[in-house]
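> Sequence plus the predicted model coming up.
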Amino acid sequence: MIRRTISLFFEALRATWAAKTRAFLSAICIGLGIAGITLIAALGSAAIAKGAELMDLFGTDSMMVFSGGKKKMAAGARSMTLSADDVSGLRANFPDAYLVAPLRINPALLVSYQNSSLTSRVEAVSIGMEYEWDWDVEIGRDLTPQDSEFSSNVCVIGSYINETFFQGDDPIGKQITVGKGVCEVVGVAQKKSLGLGDDSGNTFVMIPDSVFVKKYAWRKNFMMGLRMRFGDPEQVEAQTESVREFLRYRHNLAEGEEDDFRILTSSMISGMFVAVMGAIGAFLVIITSVVVVVGGFVTANMFLLATQTRIKEIGIRRAFGASGKDIFTQFILEFIVITLLGMLLGLAIGWVASAAISSFGFVEVRITPAVFAVTAFMSMVIALAFGILPARSAAKVSPIEAIRSL
């Protein structure tokens, strides 16, 4: 049985080679569909990985509360709705939160050193980058609570600013200009890939919170948001509604009135990212389904037409003892060979497309073993789904009619 199948396989290879043009066109039709399947599988894998990465960067034990409700901000209402009193109240009423820190950011300040300058975001830090953001300091030291207590003019800079300003020189102790103020560099943060496609994620200056309030905050007692961290990540979701009700009470919001703040957790961020990638994937599924069905039908019809031109070949094989099952197996193997060629072509196209998407830096799309396995499985499904009809047609050719055509 095995020897017979191997013999039929080589016969299928010879038949495929003899009809190179048909095989090439069929492989292209199938390859385009396989490329879509490859890209969908790769994007799905990348979306899951990126979602987990975003959750890790945000902090699975973290909750962010931002000033302003959606409708109120659109209507031009006051955007800074969170205050220092809210931070104090949350610290007092949520003992399970080991961190409640104000979120103060100026997204675009001119930062310069000697003859170099760039636009950077400037953020306030109350306790330290490592404690508040799980962001390690690679060179020098982190900011401390004492820096904020004594309003020390010190800062930790991002890796991109370090590379741009100091180009390999030791930055510690150097003074840089931030807006209209000056600070001494005491540390350089570790470089992180935030999936933004550029170096903006590492272009920042972290300064003590008290210094930010004095020099850069346009409303001293209010802030754009706050960050809470809990000892147990499972408490984040459980405490979300409690934090919401507490802030509504503090802000004197009537029942039915919209929140004047927005709460964001790591699971929400991951969910939004997966939803976006899912929408892209759904679009690709529709396009790929059309391509696969059209490509499969075109290839199947080409094989059906080829059956009529190969009646003599079938007659010779039947005259030498080939059964209808042998003819069926050979045609199925031919379809599988062409599908495998289409799979290789589709993987190549999918790899190029994945590399192109990854080059934007937003998400890394790779052809993993799992993606390869999905592609190989779907290739076999296509081969069997569209190859059975022409194979059965060839197997049903009457031996007498085939021999008469010789």
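Arrived safely, thanks for sending.

> C-alpha coordinates for stretch 159-166, CSV please?
In CSV, the C-alpha atoms belonging to stretch 159-166 read as follows (Å, rounded to 0.1, in the frame of the first residue of the first chain):
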residue,chain,number,x,y,z
SER,A,159,17.4,57.0,26.7
TYR,A,160,16.7,58.9,23.5
ILE,A,161,17.5,62.2,25.1
ASN,A,162,20.7,60.7,26.5
GLU,A,163,21.8,59.4,23.1
THR,A,164,20.9,62.7,21.4
PHE,A,165,22.5,65.1,23.9
PHE,A,166,25.4,63.2,25.3
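
> Name the helix or strand for Met64, please.
Using DSSP states H and E, Met64 maps to strand 62-67.

> Go through this structure and flag its longest helix.
Taking DSSP state H as the criterion, the chain has its longest helix at helix 266-309.

> and that one, what other elements does it pack with?
helix 20-58, helix 233-250, helix 324-358, helix 369-395 (3 or more CB pairs under 8 Å, 6 or more residues apart in numbering; DSSP states H and E). Where you see a C-beta, it was placed from the backbone N, CA and C, and this is true even at glycine.

> With just CA atoms, put the next helix or strand after it into CSV.
As assigned by DSSP H and E, the chain's next helix or strand after helix 266-309 is helix 311-319. The C-alpha trace of helix 311-319 is given here as CSV (Å, rounded to 0.1, in the frame of the first residue of the first chain):
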residue,chain,number,x,y,z
ILE,A,311,-8.5,10.8,-21.1
LYS,A,312,-5.8,9.1,-23.2
GLU,A,313,-3.5,9.1,-20.3
ILE,A,314,-6.2,7.7,-18.1
GLY,A,315,-6.9,5.0,-20.7
ILE,A,316,-3.3,3.9,-20.8
ARG,A,317,-3.1,3.7,-17.0
ARG,A,318,-6.3,1.7,-16.9
ALA,A,319,-5.1,-0.6,-19.6
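
> Between helix 324-358 and helix 311-319, find me the angle.
Angle, helix 311-319 to helix 324-358, by axes from the mean of the first three to the mean of the last three CA atoms, to 10 degrees: 130 degrees.

> was I right about Lys325 contacting Ala394?
No. With contact defined as CB atoms under 8 Å, Lys325 does not reach Ala394; the gap is 11.4 Å.

> Comparing the two, which residue is more hemmed in?
Each of Lys325 and Ala394 has its neighbours counted (other CB atoms under 10 Å); Ala394 has more, 25 against 11.

> That one is in contact with Ile327, isn't it?
Yes. Counting by CB under 8 Å, Ala394 touches Ile327, with 5.2 Å between them.

> what's the overlap in contacts for these two?
Residues touching both Ala394 and Ile327 (CB atoms under 8 Å, 6 or more residues apart in numbering): Ile314.

> who's in contact with Ser393?
Counted by CB under 8 Å, 6+ apart, Ser393 has contacts 304, 307.

> can you start the count at 340 instead of 1 from here on
Sure, I'll start counting at 340 from here, so that last one is Ser732.

> Gly408 versus that one, what's the distance?
Relative to Gly408, Ser732 is positioned 66 Å away (CB to CB, to the nearest Å).

> Kindly report the same for Arg568.
Plainly put, Arg568 is 24 Å away from Gly408 if you go by CB to CB.

> now Leu728
In terms of CB to CB, Leu728 sits 60 Å off from Gly408.

> what do you get for Leu442?
In this view, Leu442 and Gly408 are 17 Å apart by CB to CB.

> for Ile675, same thing?
Going from Ile675 to Gly408 by CB to CB gives 59 Å.

> again, but for Arg657
Distance, Arg657 to Gly408, using CB to CB: 79 Å.

> Then Arg480?
39 Å.

> Compare these two (neighbour count), which wins?
Taking other CB under 10 Å, Arg480 and Gly408 do not tie; Gly408 has more neighbours (19 against 13).

> what's near enough to touch that one?
By CB under 8 Å, 6+ apart, Gly408 lies in contact with 416, 420, 597-601.

> Quick one: buried ones out of the residues you listed?
Buried residues within the contacts of Gly408, counting neighbours by 16 or more other CB atoms under 10 Å: 420, 598-601.

> need the helix or strand of this protein with the lowest average pLDDT.
helix 409-413 (a mean of 52; mean pLDDT, DSSP states H and E).
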